[in-house]
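K.L.:
Fold the following.
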Amino acid sequence: MGATKTDFFTDEQNRIATIAKALGHPARIAIIEYLLKVNECICGDIVNELPLAQPTVSQHLKELKNAGLIKGNIEGNSICYCINENAFEVLNVFFSKVISTVKKQKCC
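P.N.:
Numbering: from 1, shown residues only. Take a look at the predicted model:
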């Protein structure tokens, strides 16, 4: 079986790309912002906050969870979501490195 394109990149590069892709939709940014505001919530609360149908919100939550940006625990008939701080630490390290390097460069 042949190698996939992602095989040519490091695990860290693939991880950051997966996170960035998941953050590439404004609804997902809104979900992250809401979770930061309330610390945790159930899916129904998120649906009430966004101008999207429940199945659409669920799909966005699935993408965020698959990327490791949020965690979800089943509580009765609902799932309680919260921020996964580990994923954001990966972004923090990456962007801190980018910013410190860019500040040192003398580019056009």
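
K.L.:
all strands of this structure, in order?
P.N.:
Taking DSSP state E as the criterion, the chain contains strands spanning 41-42, 70-75, 78-83.

K.L.:
export those strands to a markdown table and tack on distance to Ala30, mean neighbour count and mean pLDDT?
P.N.:
Every C-beta, even on glycine, is put in place using the N, C-alpha and C of the backbone. Shown next, in a markdown table, are the strands of the chain (distance: least, C-beta to C-beta, whole Å; neighbours: other C-beta atoms under 10 Å; pLDDT from 0 to 100):
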| stretch | distance to Ala30 | mean neighbour count | mean pLDDT |
| --- | --- | --- | --- |
| strand 41-42 | 13 | 17 | 78 |
| strand 70-75 | 13 | 14 | 88 |
| strand 78-83 | 13 | 17 | 89 |
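
K.L.:
Need those strands in a markdown table (columns: distance to Lys21).
P.N.:
Shown next, in a markdown table, are those (distance: least, C-beta to C-beta, whole Å):
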| stretch | distance to Lys21 |
| --- | --- |
| strand 41-42 | 24 |
| strand 70-75 | 15 |
| strand 78-83 | 18 |
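
K.L.:
Could you list the low-pLDDT ranges of the chain?
P.N.:
1-3 (pLDDT under 70).

K.L.:
Just the helices from it, written as ranges.
P.N.:
Here the chain has its helices, by DSSP state H, at 11-22, 26-38, 43-49, 54-66, 85-104.

K.L.:
Who are the packing partners of the fourth one?
P.N.:
On a contact count with 3 or more C-beta pairs under 8 Å, 6 or more residues apart in numbering; DSSP states H and E, helix 54-66 meets helix 11-22, helix 26-38, helix 43-49, strand 70-75.

K.L.:
which other helices and strands contact the second one?
P.N.:
Think helix 26-38. Using 3+ C-beta pairs under 8 Å, 6+ apart, helix 26-38 sits against helix 43-49, helix 54-66, strand 70-75, strand 78-83.
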